[in-house]
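Engineer: Turn this into a structure:
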Amino acid sequence: MRTDDPLSQAGSDSLPPIRDVLAAIATGLWRWDNASGTVTLDAEAARLLGLPARPQTLTEAAVRSRFHPVDWNEIYGTVQLAVAEGTLAEARLRIMDDTGRRVLRTVRSRSKPVLHDATEAYELIGTLQEVSEPAPGTAARTPVTGDWRRSREAFLLDAGRALAEARSTEEVLRVAAGLSMPGFSPDGLAVFGVAGDRLSIIGHHGHQPGDDGPFSAMPLDTDYPAAEVVRTGRAVYLSSPEDYRRRYPAAWPLARRFERQSWAFLPLTVAGRTMGAWMAAFAYPVSFTPDERSVLTTVARMLAQALSRAGVAESERELTEGLQRSMLPMLGPRIPGMSVAARYVPTGGGLQVGGDWYDMIQLPSGRIAFVIGDVQGHDVRAAGLMGQLRIALRAYASEGHRPDAVLSRATRFLSGITESITYGSSGHGADESTVYDPRFATCLYVEADPATGVLEIARAGHPEPAIRMSDGTVLLRPTAGGLPLGIDPDADYPTTRLVLEPGETMLICTDGLIETGGHDLDSGWSRIRSILEGYLGEDEQDGLELLADRLVQAVHGPASHYTTGPLADRREDDVAVLLLSRTGRPEQRTDARRTVLTVAQAEPERVAGARRHLRDLLHDWADDEQVDSAVLMVSEMLTNVLVHTDGDALLVAEVTGEPGARRLRAEVADGSDDLPHKRRPGEMASSGRGLVLMELLAGAWGVDPRGDGKSIWFELYEDANAAGGEAGE
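Structural biologist: Have a look, this model is predicted:
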């Protein structure tokens, strides 16, 4: 030991030397030099460590071998905490024999770190004294190994898991308020933040409303423990009211009324930056042993990380929600004779931002355009492209272009902006790299005439619209379409024309409404169909708003978690829904079901769609055999037009009358003047049986010449005894 060691000097002429006093009470001295990695022991300290009783200097590894491995890890953490906070390091340590299998004794160590300003090195000067090991469970607040340490580790694991799962600042504060620390629990908590040069109260627990008033806007230079913690980044422990009053006389009158006995103020530090302070106040005296300080420090670090994550998540949510709100339009004023409702629900993952959108545009002609679409992706780029594409579509529509022309211009626009190039380099003079990020978008564009209910629809790879008729029948309306926008700049988009009758409602949506919950297109439409069929068809806008809520609830509400679709791979997506209903006057309404469908020469596959469409129209027809007959005759009539003429086929089907005594009239028109003739085909003939089938199956049928072509029609009657016409009529 050095002769200038302050511990070797007498404290007073009237007192014996300190060395003699320590030797008399069997207390050894040690000095741990972190820079050189050596430990200096006096004779008593060496004896307590199981070494020859003489002063000696050993390596850190040699001294470490005398301690129980678990206890060495414990004291190392305690020392690091004491160095960081400038406090005493205190611990109980088990001394092992030469074999490392038997405990010789338990010693109590108290030491003080001495920092060297020029370097980060430090010396630890302290004492060793033998103590008796208490029975398990009797050391509730002492830094010993055993039950207390195990309960502390379990507590920290539970606290870390709970704080990691908290998604908002409110949840973090609720978790912090519910923490029950092993052996000691605060009954008052407060979390302070920094707003400019002032403290702010983020949240508190164990206080009455309004108690935070005097503490909510304190300047950082105030003589208040939390302010000092934020300024210095070091914890403040106050084990008694006297200690608080002595160190912070200006702040004591504010704290005295809460009648607490001990306080701990710890910094909330993330990435080296102190973002605030955490106060834990106790109704009973707490000595704040190194173990207790270690627990509080660990909780403060976890709390800081959780608050930081929650703050970032809340900022992202606020940013993305604001972005979506700014991009999604407000529906315009009421449209005479029509009601409109719309919903947008972002996906639950990621940034909660995506490429779905809807829009309503007032056209120069007095008509109204409705647009719904989905840009590929669920990221910020998708949202940005969505905003650009929406503006472009609005501009093209406002110029007065027809639906097909609007989408043709939009696909050229999207093809151009998604072929943009992003340049990057390594920063070391390397060649710049080129990154292409092509995107496509699906879109459905509807131009509506409120006065007549005429809808002209152009579709770019988007799900087809659904029509709910006034009697509750729901039809998935086949419409002509083209490729998604952005794939082929020269793509064409044919237009489909239909009439929305009074009392009917059209649904257009993105695929998120259909496929969310693991559904495919078929099972997803079945789910949506049941919601539409249950809609009462109210005249008022509130009824349509209720339907929109029910559709969203069906795929995002609690019940959706128990009615998932058949696909094992659940794909969550944004949801955009737009509903258009033609109200009209009550006297304008009818119970008739009427649908119009065009099958183009270039789309013979739509004959199969027409068959499905007719079955949906006759979903509640009494006689299944008559339904089969109707589907067979319609298929035959459409196929004849495609095979024997050069034009398109127009199907008009209408169901009228009361259930049980209804009439189906189906008519297929084309532009050819050649009238069909009834023939008697031989057994090997491949055609010529169309009119024969109609004569056998239809209740009535006929061929009507028109100025620009002809039409072939047939009728079926739900009650066979009510057939009112003869074949060939």
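
Engineer: Which helix or strand in this protein has the lowest average pLDDT?
Structural biologist: Lowest by mean pLDDT, DSSP states H and E among the helices and strands of the chain is strand 421-424, with a mean of 48.

Engineer: Any idea how far apart the tips of stretch 361-368 sit?
Structural biologist: Length of stretch 361-368, first residue to last, Cα to Cα, to the nearest Å: 6 Å.

Engineer: and that stretch, what's its mean pLDDT?
Structural biologist: Averaged over stretch 361-368, pLDDT sits at 90.

Engineer: Please compute how far it lies from its chain's middle.
Structural biologist: Its chain's average C-alpha position is 37 Å from that of stretch 361-368, according to Cα atoms, centre = their mean, to the nearest Å.

Engineer: Touching that stretch from outside, list them.
Structural biologist: The contact list for stretch 361-368 (Cβ atoms under 8 Å, 6 or more residues apart in numbering) reads 332, 335, 338, 360, 369-371, 393-394, 397-398, 400, 447-450. (Each C-beta comes from the backbone N, C-alpha and C, glycine too.)

Engineer: least confident pick among the residues you listed?
Structural biologist: Model confidence across those bottoms out at Gly332, which has 67.

Engineer: what's the residue lying closest to Pro463 once chain neighbours are set aside in contact with, if anything?
Structural biologist: Once flanking residues are discounted, Pro463 sits nearest to Asp511: 5.7 Å by Cβ to Cβ, 6 or more residues apart in numbering. Neighbouring residues of Asp511 by Cβ under 8 Å, 6+ apart: Asp374, Thr442, Pro463, Leu521, Asp573.

Engineer: for the helix or strand where Val299 lies, what is the average pLDDT?
Structural biologist: In this assignment (DSSP states H and E), Val299 forms part of helix 290-327. Averaging pLDDT along helix 290-327 gives 79.

Engineer: try stretch 376-390
Structural biologist: Stretch 376-390 shows a mean pLDDT of 82.

Engineer: now that stretch, how far from the chain's geometric center?
Structural biologist: For stretch 376-390, the distance to the chain centre is 17 Å (Cα atoms, centre = their mean).

Engineer: buried sites along that stretch?
Structural biologist: Neighbour-count burial for stretch 376-390 flags Gln376, Gly377, His378, Arg381, Ala382, Ala383, Gly384, Leu385, Met386, Gly387, Leu389, Arg390 (criterion: 16 or more other Cβ atoms under 10 Å).

Engineer: Let me know the secondary structure of the second one.
Structural biologist: Spelled out, that is Gly377. For Gly377, the secondary structure call by DSSP: H, G, I helix; E, B strand; the rest coil comes out as coil.

Engineer: how about the nearest residue in space to it that is not next to it in sequence, what does it touch?
Structural biologist: Excluding the flanking residues, the one nearest Gly377 by Cβ to Cβ, 6+ apart is Gly355, at 5.8 Å. Neighbour list for Gly355: Gly373, Asp374, Val375, Gln376, Gly377, His378, Ala382, Ala383, Leu385, Met386, Ala441, Asp574 [criterion: Cβ under 8 Å, 6+ apart].

Engineer: swap the cut-off to 6 Å and go again
Structural biologist: Asp374, Val375, Gly377, Ala382, Met386 (Cβ atoms under 6 Å, 6 or more residues apart in numbering).

Engineer: How is the last one assigned, secondary-structure-wise?
Structural biologist: What it means is Met386. Secondary structure assignment for Met386 (three-state DSSP): helix.

Engineer: residues in contact with it?
Structural biologist: Contact analysis of Met386 by Cβ under 6 Å, 6+ apart lists Gly355, Trp357, Val375.

Engineer: What distance do you get for it to Pro346?
Structural biologist: Remark: distance between Met386 and Pro346 (Cβ to Cβ, to the nearest Å) = 12 Å.

Engineer: got it, and Val446?
Structural biologist: Val446 is 24 Å from Pro346, by Cβ to Cβ.

Engineer: Looking at the two, which one has more neighbours?
Structural biologist: The neighbour comparison of Val446 against Pro346 (other Cβ atoms under 10 Å) goes to Val446, with 26 against 22.

Engineer: which element is that one on?
Structural biologist: strand 441-448.

Engineer: Can you give the contact residues for that strand?
Structural biologist: Counting by Cβ under 6 Å, 6+ apart, residues outside strand 441-448 touching it are 367-375, 389, 403, 406-407, 455-462, 484-486, 508.

Engineer: Narrow the contacts of stretch 361-368 to just the buried residues.
Structural biologist: Buried among the contacts of stretch 361-368 (16+ other Cβ under 10 Å): 335, 338, 360, 369-371, 393-394, 397, 447-450.

Engineer: Which ones among the residues you listed lie within helices?
Structural biologist: In this view, the buried ones among the contacts of stretch 361-368 that belong to helices under DSSP state H are Leu393, Arg394, Ala397.

Engineer: could I get these as a markdown table with distance to Thr274?
Structural biologist: Putting these into a markdown table (distance: Cβ to Cβ, whole Å) gives the following:
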| residue | distance to Thr274 |
| --- | --- |
| Leu393 | 50 |
| Arg394 | 49 |
| Ala397 | 54 |
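
Engineer: quick check, nearest of these to Trp252?
Structural biologist: When these are ranked by distance to Trp252 (Cβ to Cβ), Arg394 comes first, at 64.7 Å.

Engineer: which ones are touching that closest one?
Structural biologist: Contacts of Arg394 (Cβ under 6 Å, 6+ apart): Ile361.

Engineer: What ranges does the stretch 501-650 of the chain have for its helices?
Structural biologist: 511-515, 521-533, 541-556, 606-617, 624-644 (DSSP state H, counting those that start in this stretch).

Engineer: who wins for proximity to Thr274 among the ones you listed?
Structural biologist: Once these are compared by Cβ to Cβ, helix 541-556 is nearest, at 40.5 Å.

Engineer: Send me the closest one as CSV with only the CA atoms.
Structural biologist: Extracted in CSV, the C-alpha atoms of helix 541-556 (Å, rounded to 0.1, in the frame of the first residue of the first chain):
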residue,chain,number,x,y,z
GLN,A,541,-78.3,8.7,-46.8
ASP,A,542,-78.1,7.3,-43.3
GLY,A,543,-79.1,3.8,-44.5
LEU,A,544,-76.3,3.8,-47.1
GLU,A,545,-73.8,4.9,-44.4
LEU,A,546,-74.9,2.0,-42.2
LEU,A,547,-74.4,-0.4,-45.1
ALA,A,548,-70.9,0.9,-45.6
ASP,A,549,-70.1,0.4,-41.9
ARG,A,550,-71.5,-3.1,-42.0
LEU,A,551,-69.3,-4.0,-45.0
VAL,A,552,-66.2,-2.8,-43.3
GLN,A,553,-67.2,-4.5,-40.0
ALA,A,554,-67.7,-7.8,-41.8
VAL,A,555,-63.9,-7.9,-42.7
HIS,A,556,-62.3,-5.9,-39.9
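
Engineer: From the contact counts, what lies against it?
Structural biologist: Applying 3 or more Cβ pairs under 6 Å, 6 or more residues apart in numbering; DSSP states H and E, one finds that helix 541-556 contacts strand 338-345, helix 521-533, strand 575-582.

Engineer: Confidence-wise, which of these is weakest overall?
Structural biologist: Across those, helix 521-533 gives the lowest mean pLDDT, at a mean of 85.
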